[in-house]
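Novice: Build me a model:
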Amino acid sequence: MMLKNISTLWQPPLTHSSSRLVELDWLRVLAFGLLVFYHTGMLYTQNWGFHFKSTYLSSGIENAMLLLSPWRMGLIWFISGAALSCLIQKSVIPSFLFSRTIKILLPLFIGVWLIVPIQLYAQMHQEVGLDLNYFQFYLAFTDLSNPLFSQYQSGIWPHVDVNHLWYLRSLWEFTLLLVLLLPILWSNWLQVALESLIKRDFIWVFLGLLVPLCVLKLSWPSETFRYPMGLVFLIYGFLLTHHRAFFEKLSQNWHRLLGSFIVGYLLVVWGYQMIWLNDQSLQWQITAMDMLYTAQRLLGVMTMLALAARFLKRPHRLLPRVNRLVFPFYIFHQSIIIALAFWFHDMNLGAVAEACLIVLGTFTLCALLCVVLNYLPFMQPLFGIRVNKEYSRHLKIAGNTLMFILLVPMALNILF
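Specialist: Numbering: from 1, shown residues only. Take a look at the predicted model:
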């Protein structure tokens, strides 16, 4: 009886619906698509680090990048939390954890061994003058003790790093933590508190969601702030996706949010130029700028959600197909960007032509790879695509067991 009472703590509230919001599916596609433009822009930023750099560096492009930089990952984390909230209600907890572990860690395993090394190859060419072809490099890469990588030891294994796939690693870690927190997240008192907050004037809703982010920013090292920030937005998405009044309030206030977002962007650009790039800035000025940037994170996420709630509520027959391929698109995109930048590096194409070719080439190659995967069901789980083809029960059990055994060492390395 006691075990039964405890298990009820992991049962979702009866008022929660497991249906997904169409506007969040649209936003998921758009948010991951924006990553192509953002990571292409990172090739040209003069003051921001990246795995590879073009010869056409500029500090001016950083002002444009600040339009996306504060909120791009916050929005992705919010959508991820909303998706998890819907998924977890359709499964029992052990089954959910097992399926999510394979869905997330299998593409991560393939990514760090087959996709990400392209980025390290280009990076080492530029930074240490690597004089190997890619085949020679990859043979060395498979040797975890090879001294060639003595300066590149960070990773799940030595020099086998996640790069842009840090999102997948963190998504799995956050999923485990989320399950542990379910009794709190689904508690009556928290649901009542959320409903009470949502009923208040919109400014109080914004401030109520902003305070945890500001507290974290003041107490957490800037170098790793993206992780707790991501967790907070994931929890926000998990909690708020079932409160339709929240999205209705966003839709009603989209004008105010968009105007505030534009003003916030201009202030962030001003603060970036006058404070963050100024070696003479005082600590209180830097802290004030940190708070402004944190507010712009939340404001950007809420503005995008508001615009989607207002303008993206119509389903489309292509949306499920495109949404299904977002995962492999994300896995491929940054390695393709860097591979193209490496190829174009010595061609002297000019900054605009080079950037346009990289963006166009990335979308084209990602689309082609996704189309190929769409016709290869046996390859789809390796890149996070849900398989529509039906297999026998015994084959499913055998496949899942083999994949789980394969992933255990990586899972242990990530956790410990």
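
Novice: Just name whatever secondary elements the top helix by length along the chain is in contact with.
Specialist: Of all the segments assigned as helix in the chain under DSSP state H, the longest by residue count is helix 283-311. If you count contacts as 3 or more CB pairs under 8 Å, 6 or more residues apart in numbering; DSSP states H and E, helix 283-311 packs onto helix 22-41, helix 72-88, helix 202-219, helix 244-252, helix 254-271. C-beta: built from backbone N, CA, C; applies to glycine.

Novice: rerun that using 10 Å as the cut-off
Specialist: Here helix 283-311 touches helix 22-41, helix 72-88, helix 202-219, helix 226-240, helix 244-252, helix 254-271, going by 3 or more CB pairs under 10 Å, 6 or more residues apart in numbering; DSSP states H and E.

Novice: Quick one: closest of those helices to residue 318.
Specialist: Across the helices and strands packed on helix 283-311, residue 318 has its closest neighbour in helix 22-41 (9.7 Å, CB to CB).

Novice: Determine the set of other helices and strands touching that closest one.
Specialist: Packed next to helix 22-41, using 3+ CB pairs under 10 Å, 6+ apart, are helix 61-65, helix 72-88, helix 244-252, helix 283-311, helix 319-324, helix 326-344, helix 351-374.

Novice: That one to helix 226-240, inter-axis angle?
Specialist: 160 degrees (axes from the mean of the first three to the mean of the last three CA atoms, to 10 degrees).

Novice: can you pull the alpha-carbon coordinates of helix 22-41 into CSV?
Specialist: Coordinates of the C-alpha atoms in helix 22-41 are reproduced here as CSV (Å, rounded to 0.1, in the frame of the first residue of the first chain):
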residue,chain,number,x,y,z
VAL,A,22,0.9,23.1,-33.3
GLU,A,23,2.7,26.4,-32.7
LEU,A,24,5.4,24.7,-30.7
ASP,A,25,6.0,22.3,-33.6
TRP,A,26,6.4,25.2,-36.0
LEU,A,27,8.7,26.9,-33.6
ARG,A,28,10.8,23.8,-33.2
VAL,A,29,11.4,23.7,-37.0
LEU,A,30,12.2,27.4,-37.1
ALA,A,31,14.4,27.4,-34.0
PHE,A,32,16.7,24.7,-35.3
GLY,A,33,16.7,26.3,-38.8
LEU,A,34,18.0,29.5,-37.2
LEU,A,35,21.0,27.6,-35.9
VAL,A,36,22.4,27.4,-39.4
PHE,A,37,22.4,31.2,-39.7
TYR,A,38,23.8,31.6,-36.1
HIS,A,39,26.6,29.1,-36.4
THR,A,40,27.5,30.4,-39.9
GLY,A,41,27.8,33.9,-38.3
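
Novice: For it, buried residues please.
Specialist: The neighbour-count check on helix 22-41 (16 or more other CB atoms under 10 Å) flags 23-29, 31-33, 35-41 as buried.

Novice: ok, now stretch 265-281?
Specialist: Buried-residue list, stretch 265-281, by 16+ other CB under 10 Å: 265, 268, 271, 272, 275, 276.

Novice: From those residues, pick the one nearest residue 415.
Specialist: residue 276 (34.6 Å).

Novice: What about the closest residue in space to the closest one that isn't next to it in sequence, how many residues nearby?
Specialist: The shortest distance from residue 276 to any non-neighbouring residue, by CB to CB, 6 or more residues apart in numbering, is to residue 289 (6.1 Å). By the measure other CB atoms under 10 Å, the count of residues near residue 289 is 19.
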